[in-house]
Structures are given as structure tokens and as C-alpha cells.
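J.: Here you go, sequence then predicted model.
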Amino acid sequence: MNGWTELETKAAPLKANELWTALERTSGPCCSKPEPVAGSLFQGKLPMQFEGARWPIHRRSFSADGALLLAAECAAAIFAEEAVAGDRILFVDDEIAVLRGYQRVLHGEFAVSTAVGGEEGLAELEANGPYAIVVSDMRMPGMSGAEFLAHAREKAPQTVRMLLTGYADVKAAAEAVNRGNIFRFLTKPCEKADLVDAIREGLKVYHAAVAEKEIVRRAEMIGRSKTEWDASDIHQSRDFEGPTGLPGPARARRHLEGIFGVDTQCYVVLLKLTLLRTIEERYGEEAAIDYLMGAGQFVMHTLRPDDLLFHWSHDVLMAVVRRQMPAAALRKEFERQLMEPRQHLLDVDGKKIMVSISATFDLLPVARFSSFDQMFEAFDAKLIAKM
């Protein structure tokens, strides 16, 4: 570690211990536990491993979710650095003598493996991956280098793909690069210095992809482990309108006002999308809206046709459901449906990032209450007890 930077997170005192306990479980020793300071601020220290990261190194104040994600990013940077020693390069060619030449020239600089032809290359990726980089010759019998690398992308999307080609195949190679299948093509004969430089550039791309995947994985773990809710999650303005197209809190109130204390089969379920604020802080509003739309579709698929879904607040959805079952049985039904979150693909600056749609929830029967205020006081009491 290159040093430490002070960090402040605006987390309510009751929640801070829970947030940082989750952080310690997922990010290990990369972060020191914060100490309370004036107001609701908590201070902690994080390692200064921010090179190439989206977070500005001079920024000192983050939301609670942002602080957790920042620590996850630090841990992911450490993870990526530790993985460098295991980087391997796979060369694919139909000529054994050429493959032996690559092993001889790059010996001592990179860990090189070889495969004869595209079929053997795909089998090697599947059996002995992951590889950081795969370099293929263009002209091979049976399967061209461009075709092989297109299949390799499906089997190992994070592996950086390069193509070696003669001057006669430059146009086809350029087209393959433009289609997004290949990071770079090199013309033959290729000087060692050019090949080494290309491999080093490819390794930077691979390390960034590995770190990004690790960041998302750790953020997902943090999101699944958190149970805290804010007052704004429950007490929402009637005028709130979200980007999902779902009806908002005003419609929810109108629907429920006539059945409080009456409908014994009706339940209100609040679902908090635990990763939404994290995605918004890291990837921006557009990615957050994309994620929110996917989450809405996911929750709709878990509901029955006569159930209703509302966008209650920024990262909270409200389901109004009717079931002929006790609350405990309904809780188990939702736990089962949400146990294995659906994967959602985000497109961020041309990069595809897979994230889980994960949510925590709570529910109450409508018949127990005579008004919204009374029901939300009960939600408040339950959620404060959790914290």
C-alpha cells in the first residue's frame, strides 16, 4: 500500500457499524474502522490505490454507499495487482515451429502457452483458462484467426484478443477490430519489441477488466449484506415521479386508502434495491436508470398478474399483493424469489458490466392499520429494530 487517505462518510450513527462490518467482511484489511466525529460524520482511512480509478483522489466526502464502493475499489485494485503474477498468454497458430518461436523469444518475460489451430485453442481456453491475452494467426486451415477469436470472446469475454496477420489480410483484420472482437492486430513479421509492447498494453486492459469485475462483485456482496433503510425510503413525497413509468406514491395512496382495516388478504411489500445508489455513484445516472428499469421488470416477473407495483422512492419499489396465506408464508415466498438475483447487463462507456439485481424487503398486512401514517409508523418501528 502506498499510504492512506482520510475519508468521511455521511452515515447515520445507528447504521455506521453495520455498514463497516459489511465492508470488513467483503473488503478485508484494506480499510480501517471509522471513528465518530462531530454530527453524523464518520471518519476512516483507505489505502491510496486510485490510479486509473473513476474516484478523484482529492475527494474526501462520500455517501455511505459511495464510501463502501470506494473501499471495494481499493480491495479490487489490490486483487488485480496480486493477480498480475499469474497472467498467461496463449498463442494459437497452425505451425508448431512458429509457436515454439514465440515461446523462445518471450521466455522469461511472459508465461506463454500454445495451441495448434482454432479448435485446440478453444479447448485450451475452456480447460485451462483464464488467460490474460490470446494471440492468434489469421490464416489457419478450418477456422480463421478472426473466427477463432470471435468464439474465444464467447468463452472468455475478459481475455484480451490480438490477431497476427500478413499484409494481404490487413483489411479483414481491420474489419474484425472494428466489429469489436479484437483489441489489436499486428502485421507479420512482427518485431519482438512491437509484440512485447502490444502484450503489455493488452495486460493493462485485462487488469482493468479484472479489477472492474472484482469491484462489482464486492459491491454486490456489500449490497446483499446491508439491511439499513433511511427515513426517506418510507416517508415519500406524494409528488415523487420516478423514471420507470410505474405509478408513484400518490397512486399507491389512492389505491390503499379504501382498503385499510378491511382487506384481510392484502399486504404491502417494500423492496429496497440495495445496489442502485452504488451504481449511480460509480457509473452515473443513465446506468442507474437502466438498472432501475431492469429491476422493475424483474420484480414484475416475480409478482402475480393481479398484484400491483409502484415506484415509491428513489431506490424503493412498493408491491401491493393479495394472498390467502399468513405473513410468515408470504415472507418465505418473497425470500425464495429474491434468493437468486437476476443478472442485468449494463452498457457503460462501451463496456459491458454484469451486475445482480438484488433487493432487501419487508412487508405488513393492510388489515392491521387504519391509515398510511399508522402503517408507516409500524414499518419505522420494524426497521429501527433491525438497525
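T.: Now that the structure is in, tell me what you want to look at. Residues are numbered from 1 along each chain as shown.
J.: tell me the domain ranges of this structure?
T.: Taking automatic domain parsing as the reference, the chain has its domains at 4-84+211-224, 87-190, 231-386.
J.: Now do the contacts for the closest residue to L273 other than its chain neighbours.
T.: If you skip the residues right next to it in sequence, L273 has D315 as its closest partner in space, 4.7 Å away by C-beta to C-beta, 6 or more residues apart in numbering. C-beta coordinates here come from the backbone N, C-alpha and C atoms, glycine included. By C-beta atoms under 8 Å, 6 or more residues apart in numbering, the contact list for D315 reads D233, K272, L273, T274, L276, R277, L292.
J.: who wins for neighbours among those residues?
T.: The most crowded member of these, judged by other C-beta atoms under 10 Å, is K272 (26 neighbours).
J.: for this structure, what spans make up the helices?
T.: Assigned by DSSP state H, the helices in the chain fall at 13-27, 64-83, 96-106, 117-128, 145-155, 170-178, 192-225, 231-234, 249-257, 276-283, 285-302, 327-338, 372-386.
J.: Which of those helices has the lowest mean pLDDT?
T.: Mean pLDDT is lowest for helix 13-27 among the helices of the chain, at a mean of 47.
J.: now what about stretch 93-103, what contacts it?
T.: F91, V112, T114, A115, V116, G117, V135, S136, D137, M140, P141, L164.
J.: hmm, try it at 6 Å
T.: Residues outside stretch 93-103 that contact it (C-beta atoms under 6 Å, 6 or more residues apart in numbering): F91, V112, T114, G117, D137, M140.
J.: Could you pull out the buried residues of it?
T.: Judged by neighbour count (16 or more other C-beta atoms under 10 Å), stretch 93-103 contains these buried residues: D93, D94, L99, Y102.
J.: Show me which pair in those residues is furthest apart.
T.: D94 and Y102 (13.4 Å; C-beta to C-beta).
J.: picking up where we left off before, if we take the contacts of D315, which one ends up nearest to R342?
T.: Out of those, the member with the shortest distance to R342 (by C-beta to C-beta) is L273, at 12.0 Å.
J.: Please look at the closest one and A359 and confirm they touch.
T.: Yes. Using C-beta atoms under 6 Å, L273 makes contact with A359 at a distance of 5.4 Å.
J.: In TSV: the contacts of D315, plus distance to H301.
T.: Formatted as TSV, the contacts of D315 follow (distance: C-beta to C-beta, whole Å):
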residue	distance to H301
D233	23
K272	18
L273	15
T274	19
L276	18
R277	23
L292	15
